[in-house]
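> Could you work out the structure for the sequence below:
(chains A and B)
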There are 2 protein chains.
Amino acid sequence: MNSLKEKCISSKLIYNGKVINLYSDEALLPNGRTAVREYITHNGAVCVVPITEANEIIMVRQYRYPFAQVTLEIPAGKLEKGEDIYICAQRELSEETGASAGDLKYIGEYYPSPAILNEVLYMFTAKHLTYKSMHTDEDEFIQTEKIPFDKLVKMILNGEIKDGKTQAAVLKAYLLEQNTLLK
Amino acid sequence: MNSLKEKCISSKLIYNGKVINLYSDEALLPNGRTAVREYITHNGAVCVVPITEANEIIMVRQYRYPFAQVTLEIPAGKLEKGEDIYICAQRELSEETGASAGDLKYIGEYYPSPAILNEVLYMFTAKHLTYKSMHTDEDEFIQTEKIPFDKLVKMILNGEIKDGKTQAAVLKAYLLEQNTLLK
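Below is the predicted model:
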C-alpha cells in the first residue's frame, strides 16, 4: 500500500471557520511529483436511524442552504469537541425528535466525501424509544415525519432520498435487521 | 415547507480553488434572525458500481489525503464542466478499471454532506463489462481489486468500508438486484 501514499510538504490554513476549516497543502506524490491538495477539516458528527415500535423511521425535514432546498434526512448533528459519540447521538436524537433511545447501537463510520473532507459521521440505530418534548437549538428549524421502514427503503431505491448518510445508514440498518431476523 | 426556508442576505467568496470554492453567506432565518452559512461548492461527480459476470464488484484502493489513509471505494470521479453524466461514468470507469460497460444504469443522486457542501454524486451500476487497458490520469495512483458482491455487502454491514458513496451505492445496487430477481 506504500506505493499509493502521498506526503505533506507544506500545509496552509486558508480559512478558519465556525464549522469548517479549509487547507491547501502541497503534497509529494508516489512518482516524485507534487500536487496541490485542497481539503476541509470538520469535527465529525453522528447520525441516527430511529426505529419506532411500529417499525417506522423518524425523519427530519430541514432547509439545506448549500442546495437551497428542503431535504428529508435521518436525525444528525455535529460532535462537540471531545464529546462521546453515544452521548452526542442521544443528544441529537432528543433535540431533533424528542425521543430518547433505550437501545442505541453503533453501526459504523461514514466518510461523506473523502477526497476533499475529513469529516467522519458515526452511524447509529435507536430503538425502544420514549418521548419527551423537543428542544431544538434556538436557530434550528426542522419538521419531523414518521415513515414506515419498508416504504423508506423503497423511497431510497427509487432515488427520492438524496442525502447520502440517510441512504447508507437506513439501507445498512434494514439489511442488519434482516440478518437478525434470519438468525 | 416555506417556514423552513432561509434567504441569502449577502454572499462572500472566501476561496476560489482548483476543485472547490468556499463561501461564507449571511442568511435570514425563518424567525427573522440571521446566521452565517459556510459552505463549499463543487462541480459534482459520478460513482459506478461495476458488476462483473462472476458477480464481483471492481473496487479501487487509493490514498485519501484528508484522512492520510488508503481507502477501498467504488470507481468515481469529477464531472468536467458541462459533461454528460453517462459519458463521465464511462470515462471514469475506463480510467480507473480499464472496463467499458455495455449496460450502464443510473440509480440516483447522492448528497455527501448537504449542510456544508453542494456536491451531487450521480450513482450508476455497470454491467456487461469488456476490458481494455487502464489509462489513469498521470498523477492518479490506484490499485483495483475484485470483491464478490455478497462479501462486499457483508464488509459494509461489518463497518469495514468507510466511504459513504460506496456504502450507499453498493447497498442500493444489491437491493435493486434482489428486487429484480424477485420479480
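> Wait, residue A:6 touches residue A:28, no?
Yes - look at residue A:6 against residue A:28 with C-beta atoms under 8 Å: they come within range, at 6.4 Å. For glycine as for every other residue, the C-beta is placed from the backbone atoms N, C-alpha and C.
> which SSE is residue A:12 in?
strand A:7-16 (DSSP states H and E).
> what is the orientation angle of that strand with strand B:7-16?
150 degrees (axes from the mean of the first three to the mean of the last three C-alpha atoms, to 10 degrees).
> C-terminal to strand A:7-16, what's the next element?
strand A:20-28.
> what residues does the strand holding residue A:12 touch?
Residues from elsewhere that reach strand A:7-16 (C-beta atoms under 8 Å, 6 or more residues apart in numbering or on different chains): A:21, A:22, A:23, A:24, A:25, A:26, A:27, A:28, A:34, B:14, B:15, B:22.
> Equivalent analysis for stretch A:168-183, please.
Contacts for stretch A:168-183 (C-beta under 8 Å, 6+ apart): A:47, A:49, A:51, A:57, A:74, A:107-108, A:110, A:123, A:125, A:149, A:152-153, A:156, A:161, B:153, B:156-157, B:164, B:167-168, B:171-172, B:174-175.
> again with stretch A:37-44
Counting by C-beta under 8 Å, 6+ apart, A:6, A:19-27, A:78-81, A:115-122, B:17-20, B:22, B:40, B:65-66, B:116-117 sit against stretch A:37-44.
> tell me the mean pLDDT for it?
Mean per-residue pLDDT for stretch A:37-44: 95.
> And stretch A:127-144, by the same measure?
So the average pLDDT for stretch A:127-144 ends up being 83.
> What's the end-to-end length of that stretch?
Between the opening and closing residues of stretch A:127-144 there is a gap of 17 Å (C-alpha to C-alpha, to the nearest Å).
> That stretch vs chain B: in contact?
Yes - using C-beta under 8 Å from any C-beta of the partner chain, stretch A:127-144 comes into contact with chain B via A:139, A:141, A:142, A:143.
> which of the residues in that stretch are buried?
Neighbour counts using 16 or more other C-beta atoms under 10 Å in any protein chain shown place A:127, A:129, A:141, A:142, A:144 of stretch A:127-144 among the buried residues.
> could I get stretch A:12-22 in PDB with only the CA atoms?
Taking Å, rounded to 0.1, in the frame of the first residue of the first chain, the C-alpha atoms of stretch A:12-22 are listed here in PDB:
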ATOM      1  CA  LYS A  12      -1.600  26.300   4.600                       C
ATOM      2  CA  LEU A  13      -4.700  27.200   6.600                       C
ATOM      3  CA  ILE A  14      -6.800  29.300   4.100                       C
ATOM      4  CA  TYR A  15      -9.900  29.700   6.300                       C
ATOM      5  CA  ASN A  16     -10.600  29.100   9.900                       C
ATOM      6  CA  GLY A  17     -14.400  28.900  10.200                       C
ATOM      7  CA  LYS A  18     -17.200  28.300  12.700                       C
ATOM      8  CA  VAL A  19     -17.900  24.800  11.400                       C
ATOM      9  CA  ILE A  20     -15.200  24.100   8.800                       C
ATOM     10  CA  ASN A  21     -11.600  24.900   8.100                       C
ATOM     11  CA  LEU A  22     -10.000  25.000   4.700                       C
END
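> Would you mark the buried spots in it?
Buried residues in stretch A:12-22, counted by 16+ other C-beta under 10 Å: A:17, A:20, A:21, A:22.
> swap in stretch A:99-109?
A:99, A:101, A:104, A:105, A:107, A:108, A:109.
> And the second one, how close does it get to residue A:124?
As judged by C-beta to C-beta, to the nearest Å, residue A:101 and residue A:124 stand 8 Å apart.
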